[in-house]
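Asker: Could you look at this predicted model? Sequence included:
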Amino acid sequence: MIRKLSYSDFESILKVINNAAQAYKGLIPSDLWKEPYMSNEELKNEINEGVEFYGWFEDNTLVGVMGIQFVKDVTLIRHAYVIKEYQRKGIGSKLLKYLISLAKTPEILVGTWKNTTWAIHFYEKHGFKLVSYEEKDKLLRKYWKIPDKQIENSVVLRLRK
């Protein structure tokens, strides 16, 4: 049910991300919200920066995606999304456990919006711990390429294997 995604899955990846990201509407600053949430160009940039996407399929349809990226001395979990009608069925957990098993480093980091409490709880349920506010800023600046406003509105969680 889980497989590494390829360029032929590009449109399906975008569909999943933009469907599931609707949950962020109203929770992230309005000047950071856009439609679609992720553009073709942004997804291409993420892939070019080394994000490898894996997907969960139901009846040959991609319904969940999650990315992994190896940056410097850490593994990042990136872009974890499950289509709304398939959420709360364990798909995200299966993808996350699979990607954790692929991690090449003892430290795994994930960033998410600070107001998305369900996402924070999801990662905590899987053993991730929130880092301090000060450390969060340092980590986001070191390992991610995101604007300052996004850094202000994000959290980072860490898992040590």
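Answerer: Nice, thanks for sending it over.
Asker: What are the boundaries of the strands in this protein?
Answerer: Using DSSP state E, the strands found in the chain span residues 2-4, 52-58, 61-71, 74-82, 107-113, 129-130, 154-160.
Asker: Let me know which of those is the nearest to residue 17.
Answerer: Each of the strands of the chain was scored for nearness to residue 17 using Cβ to Cβ, and the closest is strand 74-82 (4.9 Å). Placement of C-beta: from N, CA and C, glycine included.
Asker: Can you dump the C-alpha atoms of that closest one in PDB for me?
Answerer: Coordinates of each C-alpha in strand 74-82 appear next as PDB, following Å, rounded to 0.1, in the frame of the first residue of the first chain:
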ATOM      1  CA  VAL A  74      19.200  15.300  10.300                       C
ATOM      2  CA  THR A  75      16.200  13.600   8.600                       C
ATOM      3  CA  LEU A  76      13.200  15.900   8.000                       C
ATOM      4  CA  ILE A  77       9.600  14.700   7.600                       C
ATOM      5  CA  ARG A  78       8.000  17.000   5.100                       C
ATOM      6  CA  HIS A  79       4.500  17.600   3.700                       C
ATOM      7  CA  ALA A  80       2.400  15.000   5.500                       C
ATOM      8  CA  TYR A  81      -1.100  15.000   4.100                       C
ATOM      9  CA  VAL A  82      -4.100  12.700   3.800                       C
END
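Asker: partners of it, with directions?
Answerer: Sheet neighbours of strand 74-82, with direction, are listed as strand 61-71 (antiparallel), strand 107-113 (parallel) (DSSP bridges).
Asker: hang on, the earlier thing: closest one to residue 37 among the strands of the chain?
Answerer: Across the strands of the chain, the minimum distance to residue 37, taken as Cβ to Cβ, is reached by strand 74-82, at 9.4 Å.
Asker: For residue 110, which non-adjacent residue is closest in space?
Answerer: With Cβ to Cβ, 6 or more residues apart in numbering as the criterion, residue 110 has its nearest non-adjacent residue at 4.2 Å, and that residue is residue 77.
Asker: quick one: contacts for the one you found?
Answerer: If a contact means Cβ atoms under 8 Å, 6 or more residues apart in numbering, then residue 77 has 66-68, 96, 99-100, 108-110 as its contacts.
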